[in-house]
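1. Okay, sequence plus prediction incoming.
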Amino acid sequence: MEAQGHILIRRKAKNGIDGTNGEPGKNGLQGCILRQSEWAKGIEYRNDEALTSGTRYLDIAIVTTGANTFNAYKCLKTHTSSDSIPVTNTTYWQKFNSLVPVYTPLIMAQNAILRFMQGNQLLIMKGDNKTVAAGLVGGDYPLWIGATTPADAPYKVSIDGKLYATGAVISGDSTFEGTMKGVSGSFKNLNCINNKGDIVGGISFGSDGRMCFSGDLYHQGSTNGRLSRFYTNDLWCRGVFGARERSVMVVYSSYAYVFTKGGSVSGTYIPLSSATSSNNETYYKVPCYSPRYDYNEETSGFPIDVIVFRNSGSTVYRYQIEMALTQRVLVVNANDSYDNVDIYLNGSKFRLANGRIAELIQLSNWMYPAPNTNNLGSGLMIASAGYDNNWH
């Protein structure tokens, strides 16, 4: 368009010719690899920004300045750190500026160092944005779930790897190594594994309340200087049952020794209680279960199945043998010189002669006619009393 005087003349321009695309540019340099670490002496810190080939590094040094504060520095020149080149040397280091708080709904990062957030902790909030659901912290319990603080959390993990939880449901195969401690619990099966991993025994727990043991069961060891004991109520054995020793009481006139730890260990002394019969005769009571535990607790729960009389001299001592229903006791007069032991049987006295052995059994509930319960030795029956083991 030209201006000639006061007249404007419009002219139509011809279409230009399109240019061709230029050659693709060269690929730019691969960016430097950022490395972050705490500053320390004797470390090579690098700034490879000026390099035009190869792998390039740019080091960032962190210096902690307080419990919840730190400074960050960018390496300007490659060097080996020393006391003469601290991070405050501006020739080699550039301090990053502190930033104001930033809010963002999403963080995406290939590498990140998160430190001292929210007073040295990172909190995960519930949907109400008020209640803490979980947290990460730089204290003794770096991870916790379910409370505002680790102290109140039902789930937390200590810095040394201990897991604390008020409840856990673990499915699938699990392996626990070390010592497991528990207060109570329930199992369906417990397998006994040998060093090769083979199952060689176990315990199973039935819905009927029974525990079934497979494999040999050993009860060994010692307690308080004696062999460990197995305490139970009823014991039903459908195979071979045997004992290396018997449970023995040795009577010396008016007192006795109870061998609760076996015959080769000193017995426990107990005095025998005495009473007077209707014939004005003094007799002594010989309990065959827990004998005088009121005097010495060592005998509590100890059943007697052998009574050995070791009375000296010719004086005859009378005894009432106190036995539980169906209990059997072997009685022995171990003095081969004197017939000095009388045992009450249903109101009568039986003389256990020198060197004799007899067996007593308590059958008061099944004797006919029923024995008089007021009689001394009521319900006792005796067998094998006549043979004289004469070793004198």
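-> Cool, got the structure.

2. where do the strands sit along the stretch 1-150 of the chain?
-> With DSSP state E, counting those that start in this stretch as the criterion, the stretch 1-150 of the chain has strands at 2-4, 7-9, 33-38, 44-45, 57-64, 70-75, 79-80, 93-95, 121-125, 132-137, 143-145.

3. Check the secondary structure at the residue sitting nearest the centre point of the chain for me.
-> Among the residues of the chain, the one closest to the centroid is residue 181, at 1.3 Å (Cα atoms, centre = their mean). Here residue 181 is recorded as coil under DSSP: H, G, I helix; E, B strand; the rest coil.

4. returning to what we had before: okay if I get the strands of the stretch 1-150 of the chain as TSV plus mean neighbour count, distance to residue 372 and mean pLDDT?
-> Where C-beta positions appear, they are placed from N, C-alpha and C, glycine not excepted. Listed next are the strands of the stretch 1-150 of the chain as TSV, based on neighbours: other Cβ atoms under 10 Å; distance: least, Cβ to Cβ, whole Å; pLDDT from 0 to 100:
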stretch	mean neighbour count	distance to residue 372	mean pLDDT
strand 2-4	8	156	50
strand 7-9	8	155	53
strand 33-38	12	97	87
strand 44-45	18	108	96
strand 57-64	17	96	90
strand 70-75	18	98	90
strand 79-80	14	110	96
strand 93-95	17	109	94
strand 121-125	14	84	79
strand 132-137	18	80	86
strand 143-145	19	76	90
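
5. So for residue 339, which of those strands sits nearest?
-> strand 143-145 (83.3 Å; Cβ to Cβ).

6. Now do the closest one: which elements does it pack against?
-> strand 132-137, strand 155-157 (3 or more Cβ pairs under 8 Å, 6 or more residues apart in numbering; DSSP states H and E).

7. Distance to residue 234 for the strands of the stretch 1-150 of the chain - can I get that in TSV?
-> Supplementary listing: those in TSV, determined by distance: least, Cβ to Cβ, whole Å:
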stretch	distance to residue 234
strand 2-4	129
strand 7-9	128
strand 33-38	70
strand 44-45	80
strand 57-64	70
strand 70-75	72
strand 79-80	82
strand 93-95	83
strand 121-125	58
strand 132-137	54
strand 143-145	49
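
8. For residue 261, which of the ones you listed is the nearest?
-> Of all the strands of the stretch 1-150 of the chain, strand 143-145 sits nearest to residue 261, with 53.5 Å by Cβ to Cβ.

9. what pairs with that closest one, and is each one parallel or antiparallel?
-> With DSSP bridges as the test, strand 143-145 is paired with strand 132-137 (antiparallel), strand 155-157 (antiparallel).

10. tell me the average confidence for the shortest one?
-> Strand 155-157 comes out with an average pLDDT of 93.

11. what stretches of the protein score poorly on pLDDT?
-> 1-19, 22, 25-28, 67-68, 98-120, 385-392 (pLDDT under 70).

12. Kindly recompute the last result at 50.
-> 4-5, 116-118, 391-392 (pLDDT under 50).

13. thinking again about what came up before, I'd like the helices and strands packed on strand 143-145 laid out as CSV, including distance to residue 348.
-> Putting the helices and strands packed on strand 143-145 into CSV (distance: least, Cβ to Cβ, whole Å) gives the following:
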stretch, distance to residue 348
strand 132-137, 85
strand 155-157, 76
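
14. Mind checking these for the one nearest to residue 92?
-> Smallest distance to residue 92 across the helices and strands packed on strand 143-145 (Cβ to Cβ): 33.9 Å, for strand 132-137.

15. What lies in contact with the closest one?
-> Strand 132-137 is contacted from outside by 120-126, 142-148, 150, using Cβ atoms under 8 Å, 6 or more residues apart in numbering.

16. So of those, which two are at opposite extremes in space?
-> Across those, no pair lies farther apart than 120 and 126, at 21.4 Å, counting by Cβ to Cβ.

17. Mind checking which of those two has more residues around it?
-> Between residue 120 and residue 126, counted using other Cβ atoms under 10 Å, the more crowded position is residue 120 (13 against 10).

18. quick revisit: kindly provide the distance from the residue nearest to the centre of the chain to residue 232.
-> Counting by Cβ to Cβ, to the nearest Å, the gap from residue 181 to residue 232 is 26 Å.
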